[in-house]
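Undergrad: Here's my sequence, what's the structure:
(chains A and B)
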Amino acid sequence: MSIKPVRTRFAPSPTGRMHIGNARSALYPFLLARRMGGTFILRIEDTDQKRYTQGAEQELIEGLHWLGIQHDEGPDIGGPFGPYRQTERREIHHEYAWKLVESGHAFPCFCTTERLEKVRQEQMKNKQNPRYDGACRAIAPDEARGRVDSGEKYVIRFKMPKVGSITVTDLLRGPIVTENAALDDSVLLKSDGLPTYHLAAMVDDQLMKITHVIRGSEWLPSMPLHAHIIRAFGWEEPVFVHLSVFLKPAGKGKMSKRGDVEAIKDGHSIFLGDMKDLGFTPEGVLNWIVLMGWGVAEDDVMTLAQMVDRFNIDSLTPSPAAINFQKLDHFNATHIRLLTTEDLAGRIKPYFTREGLNVKDDILLKIVPLLRERLVTLDDCIAFGGFFFKDDVTPNPEDLIAKGLDAKQSAEIARRAYEILSAQPVISHEGSELPLRAYVEESGLNVNQVFGILRVAITGQRVSPPLFESMEIIGKEKCLYRIKKAVEVLEKMG
RNA sequence: GCCCCCAUCGUCUAGUGGCCCAGGACGAAGCCCUCUCAAGGCUUAAACCGGGAUUCGAAUUCCCGUGGGGGCACCA
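TA: Next up is the predicted model:
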């Protein structure tokens, strides 16, 4: 076996939104290429003009870019084996389809879709497997050529052997034997002159010197056909790796776009394009998807670089994996905690701005350490720290009343706190907590009651970052103003 | 209907014949810490689909069931 430089590819069809299944189909070949010092290619399989979606290719490229999966060759950046868009390779596919006809491995077929449909109905009625009936196999090569040249519509079909069997090997599953009789005379070249996946992918993988074909397991059943095509050309087969499918969170049924509609309601999505808006980080998403179908013994929190170091293509798992959004949350939160203050500040700023808040960078830098371990998604910064950038807060009056006390008592506490704090030159974490604790002590109240009132008065919410750190950042003037306002509200209630 | 693939805690997985009365992570429960919420620390519950066979010995090998998934297009 010769040692060839590793070349892998991500070959999506631009037919819709990029989802996590696509992302993983890109990630693994990328990881393998980087790990082996090889090359990772992006190829667009756009041979189905009916399902072609405008903008899908762009979304794919943006998704890869966001995740940090950088391709070395592709339609947007070129490369020595281009073009990388299959519709731009139609002459090549055409040529190779006819090579197969000339070598006797394929034949032109003139059957109409109507006739084919009728045959299929008949077969189903007789409980037979729907299969091409071989009508055009009998046409002499010269006659077929003549009809093609005269402009008759045709497709090219693979001439599947009627007997024998073929053995193909999937890296994760081992050898798989298939009877040729169970295989069909599949269409290689469509009547619109474009190739089907079967032909296009095999030809392009060969011409682009792909060493490892990593793709979804929906391709497993057509691997025998693909091997037949490759062997008919006399080529050497690449290593085939078929990835497990993603199941819905319940673990039953394949992940679908429909199931996702519900998922996005509680802040999750399977679409890469939604992830950023929902506050997910590329690090978190990457860590999540890399582990769906790949297991590591310990230390499962990894950056992309660490994944490259540890990745091993043989250790992927062949069994289906149920998607688990709780785990996404966990990895996202974990990676947020790993970010530097400056980095995290830059990442949450857009979420504040999106809410119309006027972000002051010096304050932003101060609140990041307070927010960091509380964020599951980046947009949680609003819930926890939005009040830092508001001129005023309007707490729910009910929340201002401490547990076990009434409005009048709560107002008194707030008034006392106001006095204590106004006596201080400045409000600081270290300097302001002590006198207030002393007050708690002598009043016989508990800290939750006193600090709770202040928390709601100052932040406008019941849950917030630590009170005194927050007050220090907000400043004496604003704090006192907000407490005073709370006193007024409480007195009105009393 | 036919063909193919898969099968360890609820979920993602480690485990390649003895290191396993099965390890880690998420989630769950409890405790500690604590101004709320988190984070952090400690602890607990939780699995080898069933049946045969091979072997001194099987989660690990083989066979048969069962369950789950995929595929049978001029879609990829």
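
Undergrad: can you pull the pLDDT of the closest residue to RNA strand B within the stretch 301-450 of chain A?
TA: Going by C-beta to the nearest atom of the strand, RNA strand B is nearest to A:S319 of the stretch 301-450 of chain A, at 2.9 Å. Placement of C-beta: from N, CA and C, glycine included. For A:S319, the pLDDT comes out at 92.

Undergrad: List the buried residues in stretch A:108-127.
TA: When burial is assessed from 16 or more other C-beta atoms under 10 Å, stretch A:108-127 yields the following buried residues: A:P108, A:C109, A:F110, A:C111, A:V119, A:R120.

Undergrad: who are the neighbours in contact with the residue in chain A that RNA strand B sits nearest to?
TA: In chain A, no residue comes nearer to RNA strand B than A:G295, which is 2.0 Å away by C-beta to the nearest atom of the strand. Contacts for A:G295 (C-beta atoms under 8 Å, 6 or more residues apart in numbering) come out as A:S315, A:T317.

Undergrad: what about it, distance to A:T317?
TA: With distances taken as C-beta to C-beta, to the nearest Å, A:G295 is found 6 Å from A:T317.

Undergrad: Span of stretch A:135-148 from start to end?
TA: Separation of the first and last residues of stretch A:135-148 by C-alpha to C-alpha, to the nearest Å is 16 Å.

Undergrad: Give me the residues contacting it.
TA: So stretch A:135-148 is contacted by A:V101, A:F107, A:P108, A:C109, A:F110, A:C111, A:R115, A:Y154, A:R157, A:K159, A:D185 (C-beta under 8 Å, 6+ apart).

Undergrad: Work out the gap between that stretch and the centre of the chain.
TA: Distance, stretch centre to chain centre, for stretch A:135-148: 48 Å (C-alpha atoms, centre = their mean, to the nearest Å).

Undergrad: Report pLDDT for the nearest residue to A:D72 once chain neighbours are set aside.
TA: Closest residue to A:D72 apart from its sequence neighbours, by C-beta to C-beta, 6 or more residues apart in numbering: A:T39 at 4.8 Å. Note for A:T39: predicted pLDDT of 98.

Undergrad: what does A:T87 give?
TA: 97.

Undergrad: Repeat that for A:G494.
TA: 69.

Undergrad: do the same with A:G104
TA: Confidence at A:G104, expressed as pLDDT, is 95.

Undergrad: now swap in the one 10 residues further on and tell me
TA: pLDDT, A:E114: 90.

Undergrad: part of a helix, is it?
TA: Yes - counting by DSSP: H, G, I helix; E, B strand; the rest coil, one finds A:E114 located in a helix.

Undergrad: how near is it to A:R85?
TA: 32 Å.

Undergrad: likewise A:S410?
TA: 68 Å.

Undergrad: who has more neighbours, those two?
TA: A:S410 (27 against 18; other C-beta atoms under 10 Å).

Undergrad: Quick check: the gap between that one and A:L171.
TA: For A:S410, the distance to A:L171 - C-beta to C-beta - is 68 Å.

Undergrad: Packing partners of the helix or strand hosting A:D309?
TA: When elements are assigned from DSSP states H and E, A:D309 belongs to helix A:304-310. The helices and strands touching helix A:304-310, judged by 3 or more C-beta pairs under 8 Å, 6 or more residues apart in numbering; DSSP states H and E, are helix A:20-35, helix A:282-290.

Undergrad: Contacts made by that helix with the rest, please.
TA: Residues outside helix A:304-310 that contact it (C-beta under 8 Å, 6+ apart) are A:L31, A:R34, A:R35, A:L67, A:G68, A:I69, A:E283, A:L286, A:V290, A:V296, A:M302.

Undergrad: Done for today, thanks.
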